[in-house]
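Undergrad: Below are the sequence and a predicted model for it; my questions follow.
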Amino acid sequence: MAHDIEIKGTSASQGVNEKADSDDFHNSDVELPANSQVETDLNVTESDLAEAKGLANRLTLEEVRPMMVRVLMIHENDPNFPFSIIQRIRAFLGNEDIFENPGKHSVLVEEMKLEAALITVNSPYAEVRAVVDNHDDVNIPCGTIRAWMIGLGFSVLLAFINQLFSIRQPTITVQANVAQLLAFPIGKALERLLPDVGVTLWGTRHSLNPGPFSRKEHMLITIMANVSWNHPYTNNIIWVQYLPAYFNQSYAGQFSYQILIALSTNYIGYGMAGMIRRFLVYPSYCVWPSSLVTIALNAAFHNDRNAPVESPFGRIFTVSRIKFFGITFAAMFVYFWFPNYIFTALSVFSWLTWISPNNVNLSAITGFYNGLGINPWPTWDWNTLLFDQTDPLMIPFFSTLNKFIGAAVASCVILALWYTNTYNTGYLPINSNRVFDNTGALYNVSNAVDERGLFDATKYEAYSFPFLSAGNISVYLFFFAIYSAIISYAYLYHRHEIKMGFTNLVNSFRKEKRGATNEYQDVHSRLMSKYAEVPEWWYTVVLAAAIALGCVGIAHWETYTSPGVVFYGLALCALFVIPIGIVKAITGIEVTLNVLAEFIGGSFVAGNALAMNYFKSFGYVTCAHALLFSQDLKLAHYVKIPPRQTFAAQIMGTLVSTFVSVGVLNFQINQIPNVCTVHAPNRFTCPGINTFFTASVLWGTVGPIKVFGRGGMYTWLLAGFPIGFVVPILVYYMNKRFKKIWMRQIHPVAIFYGSLSLAPYNLSYIWPAVPIAWFSWIFLKQRYLGFWSKYNFVLSASFSSAIAVSAIIIFFSLQWTEIGLDWWGNSVTSQGCEASACTLHELSEGEYFGPRIGEFH
């Protein structure tokens with residue numbers, strides 16, 4: 001194994017051009033034994049430390065020094081990296097006497113050697129070490145015939161179910177974790193049933209049954225399911241184009257048109273993901289917290305090791321991961337029936353509003369449905385915490401805490417706007433994400449457009465200016481802030497890593513520079529180097545083909561849109577994908593570009609809702625898909641799936657699911673009578689499509705210029721852009737100036753992200769995660785690391801999987817047939833202002849608020 005872990009000092013220092021300033025370091029000798037100090041500071045288990053000792057004994061001081069310079073450069077501002085280790089690295093590098101008289105500082109030197117060795121043979125992060133194996137067997141089967149059979153089967157099934165029920169109220173969605181759960185028994189069954197027969201191609205035998213169902217096969221199936229479960233975003237455009245109730249453009253019913261634009265948006269994102277691998281996949285600091293939960297579930301099924309661990313319950317735990325998964329899965333599966341069906345007040349535990357349901361102030365402040373959700377304990381439903389696809393066991397504690405701080409700040413802003421009736425918000429619900437007219441009713445876009453869906457100035461001026469609630473105003477303010485914040489944040493905190501990524505990307509196109517010494521040298525990258533990499537030109541071809549499909553689809557049909565919108569989407573994605581990707585990879589939270597794409601698109605093509613939809617689709621979806629595919633590439637990187645097999649699985653999974661989704665879309669449009677109307681059978685009333693159409697017309701016809709531009713009512717919200725740009729700069733230099741441990745955990749982008757959670761969500765969705773995250777990531781991780789490492793991510797996976805399976809069974813067995821339980825525990829949550837949102841001020845008959853008719857244009 002020596003050749004796998006050897007790193008020379010010269011190679012480790014490549015790309016480091018800055019000399020550490022000794023004034024920035026302080027000297028502090030360490031009194032504890034080196035082994036105990038490293039184990040304490042780095043949250044490392046005894047087994048991980050024992051593996052690192054062998055290499056530490058062989059490292060010289062000359063080799064360790066450049067390695068620590070590199071670690072400091074990359075991880076100095078990394079909130080996931082232990083700050084105590086950063087302090088010791090500073091002490092090590094800032095004291096020249098250590099290198100002249102190492103014997104006087106033997107404890108610190110030994111600790112730095114252990115630190116260097118640990119980072120070399122494993123991940124520097126305890127959460128990664130907890131679930132990701134730092135060894136690999138190249139002979140483990142991966143892209144087998146049975147893996148492709150199961151993977152493509154789930155690609156078809158998930159795409160079919162999710163597209164079919166996407167237009168139902170309530171909708172039902174089956175995500176990839178269900179496929180991952182079901183794939184294991186199916187794979188084990190095929191392991192027993194299929195014969196060992198096959199063919200040999202190019203020297204490799206492909207058998208129906210190559211042996212035991214492996215973890216790599218299982219993860220390849222999961223990756224195919226992950227790229228397949230979500231239907232193409234462009235299907236929303238097709239709905240509003242085709243249906244007579246919307247734009248009534250019959251050509252949108254053509255399969256060729258539908259498939260061209262669907263394939264384009266899907267594969268543009270994939271092409272971008274391949275180009276940014278060196279920024280978001282290969283670096284070790286790109287942890288991707290949500291991937292760890294997926295890997296934990298995979299490891300629970302396939303890892304036979306079962307080391308006993310000390311627990312917080314005063315005894316040693318010997319329960320295996322798979323048994324722990326089974327017990328907690330069963331417990332959550334049964335429990336979820338109560339908050340989701342039997343006793344829904346457990347889910348919406350807005351007990352403060354039950355005291356006086358019609359009290360406007362009490363409901364506005366504490367309400368779960370129509371208020372800000374300020375409640376000491378507002379829910380007993382784990383699913384409530386998953387509103388943004390994260391949970392407190394999945395993402396680091398600092399992410400959860402910063403998210404809560406941001407939501408709390410936004411709540412104060414909303415209260416100030418509402419109680420002062422700023423911009424007439426007192427006449428509207430406090431925390432709605434809807435758009436209203438000057439009577440407080442929902443904005444009727446048909447009163448502002450002509451029969452073609454184009455803006456009609458005369459009708460608009462006779463109707464109403466579009467008004468936003470206090471919650472919605474706050475959301476737009478912080479959306480504008482987060483877009484500029486993420487740019488300044490990425491430069492200040494990650495410019496070295498971004499520069500390294502560009503250097504390696506350029507070198508990948510230069511034959512003489514491939515494999516240069518500044519390529520990524522962490523253990524997972526070294527293990528993956530044994531497999532043939534996917535050349536850059538493969539991704540370039542995918543990207544070029546996707547661009548061509550998009551241009552043909554937009555230009556050949558009457559979309560009233562320029563093919564340049566495809567390149568606009570690429571440009572927007574190219575600007576933001578790396579900063580947004582780094583933030584998601586480190587914190588687990590994702591900043592979406594939907595509002596910015598909507599804002600820019602609506603400004604460029606004011607009066608044309610369809611063109612704005614394409615601006616939004618290519619601008620927002622390109623980046624979102626690039627991050628989704630990047631996350632799957634990191635999954636494959638962690639589990640050591642050969643890159644070319646991952647490439648094939650993602651390409652084919654996306655292709656199959658896109659054709660299935662578009663096929664089901666055609667069936668829905670042509671075969672379901674009265675679809676998307678109140679008379680549709682089986683409740684196929686298309687609530688999401690109605691919302692999409694309203695947003696399309698509002699921002700594509702009325703347009704953001706009238707709302708946010710010069711003379712618009714909400715022009716001041718554009719102040720969010722400079723505010724957002726400045727905040728990371730202030731935080732960065734305050735951290736440099738004061739160097740407090742707690743300040744290092746302040747993440748300005750995560751704070752802004754929390755501010756976006758309002759309207760329609762509120763603090764009731766966010767606050768309960770804080771104490772749970774603290775208990776997991778602070779208390780358990782620091783005091784019972786072995787227990788936390790073994791069970792934390794498995795528990796997250798079991799809860800999420802159990803909720804998904806339980807919800808599906810409840811839906812089809814009871815909710816589909818509209819069988820309900822009518823009792824106090826299910827009705828108390830919808831009384832008074834929680835049933836129908838109350839407002840601070842009321843209008844008299846015939847009155848309206850805001851600008852007078854004829855005074856706005």
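TA: Sure thing, it's come through. These figures come from a predicted structure and were not determined experimentally.
Undergrad: Could you identify the longest helix within this protein?
TA: helix 470-508 (DSSP state H).
Undergrad: Could you pull out the buried residues of that one?
TA: 470-486, 488-490, 492-494, 496-498, 500-501, 503-504, 507-508 (16 or more other CB atoms under 10 Å). Heads up, the C-betas are built off the backbone N, CA and C, glycines and all.
Undergrad: Would you mark the buried spots in the helix or strand hosting residue 803?
TA: Using DSSP states H and E, residue 803 sits in helix 785-810. Buried residues in helix 785-810, counted by 16+ other CB under 10 Å: 785-807, 810.
Undergrad: what ranges do the strands span in the chain?
TA: 198-201, 204-207, 309-310, 316-317, 435-436, 467-468 (DSSP state E).
Undergrad: For residue 696, find the nearest of the ones you listed.
TA: Distance to residue 696, taken as CB to CB, is lowest for strand 435-436 among these, at 12.1 Å.
Undergrad: In this protein, where is pLDDT below threshold?
TA: Counting by pLDDT under 70, the chain contains low-confidence residues at 1-43, 170, 452-453, 510-520.
Undergrad: Please list all residues in contact with the residue nearest to the spatial centre of it.
TA: Central residue of the chain (CA atoms, centre = their mean): residue 590, 4.4 Å from the mean position. The contact partners of residue 590, taken as CB atoms under 8 Å, 6 or more residues apart in numbering, are 580, 583, 584, 624, 627.
Undergrad: Can you select the buried ones from those residues in PyMOL?
TA: A single PyMOL command selects the buried members of the contacts of residue 590 (16+ other CB under 10 Å):
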select buried, resi 580+583+584+624+627
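Undergrad: Please identify which pair of the contacts of residue 590 lies farthest apart.
TA: Distances among the contacts of residue 590 were taken as CB to CB; the most separated pair is 583 and 624, at 13.8 Å.
Undergrad: What is the burial count for residue 442?
TA: Using other CB atoms under 10 Å, residue 442 is surrounded by 12 other residues.
Undergrad: How about the contacts made by it?
TA: 434, 435, 436.
Undergrad: any idea how far residue 163 lies from residue 764?
TA: 31 Å (CB to CB, to the nearest Å).
Undergrad: wait, residue 248
TA: Residue 248 is 41 Å from residue 764, by CB to CB.
Undergrad: which of these two has more neighbours?
TA: Shown here are residue 248 and residue 764; by other CB under 10 Å, residue 764 has more neighbours (24 against 14).
Undergrad: count of residues packed around the closest residue to residue 407 other than its chain neighbours?
TA: Leaving aside its chain neighbours, residue 407 sits nearest to residue 754 (4.4 Å; criterion: CB to CB, 6 or more residues apart in numbering). Counted with other CB under 10 Å, residues neighbouring residue 754 total 27.
Undergrad: what's the answer for residue 360, then?
TA: 18.
Undergrad: need the contact list for it.
TA: Residue 360 neighbours (CB under 8 Å, 6+ apart): 833, 838, 839, 840.
Undergrad: one step back: packing partners for the helix holding residue 803?
TA: Contact here means 3 or more CB pairs under 8 Å, 6 or more residues apart in numbering; DSSP states H and E; on that basis helix 785-810 packs against helix 126-131, helix 176-193, helix 289-302, strand 309-310, strand 316-317, helix 321-335.
Undergrad: Output the ones you listed in TSV, with distance to residue 651 and mean neighbour count appended to each entry.
TA: Formatted as TSV, these follow (distance: least, CB to CB, whole Å; neighbours: other CB atoms under 10 Å):
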stretch	distance to residue 651	mean neighbour count
helix 126-131	27	23
helix 176-193	17	18
helix 289-302	20	25
strand 309-310	41	16
strand 316-317	43	15
helix 321-335	31	17
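Undergrad: Just send these back as JSON lines, with distance to residue 444 too.
TA: Shown next, in JSON lines, are those (distance: least, CB to CB, whole Å):
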{"stretch": "helix 126-131", "distance to residue 444": "50"}
{"stretch": "helix 176-193", "distance to residue 444": "39"}
{"stretch": "helix 289-302", "distance to residue 444": "40"}
{"stretch": "strand 309-310", "distance to residue 444": "61"}
{"stretch": "strand 316-317", "distance to residue 444": "60"}
{"stretch": "helix 321-335", "distance to residue 444": "43"}
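Undergrad: mind checking which of the ones you listed is nearest residue 157?
TA: Closest approach to residue 157 among those (CB to CB): helix 176-193, 7.9 Å.
Undergrad: Now do that closest one against helix 785-810, angle only.
TA: 90 degrees (axes from the mean of the first three to the mean of the last three CA atoms, to 10 degrees).
Undergrad: and the direction of the helix holding residue 803 versus that of helix 321-335, what angle?
TA: Relative orientation of helix 785-810 versus helix 321-335 (the same axes, to 10 degrees): 40 degrees.
Undergrad: and the angle for helix 785-810 with helix 289-302?
TA: In terms of direction (the same axes, to 10 degrees), helix 785-810 departs from helix 289-302 by 90 degrees.
Undergrad: Work out the gap between helix 785-810 and the centre of the chain.
TA: 18 Å (CA atoms, centre = their mean, to the nearest Å).
Undergrad: give the contact list for the residue nearest to residue 682 when sequence neighbours are not counted.
TA: Distances taken as CB to CB, 6+ apart place residue 168 nearest to residue 682, at 6.8 Å, with adjacent residues excluded. By CB under 8 Å, 6+ apart, the contact list for residue 168 reads 682, 683, 684, 685.
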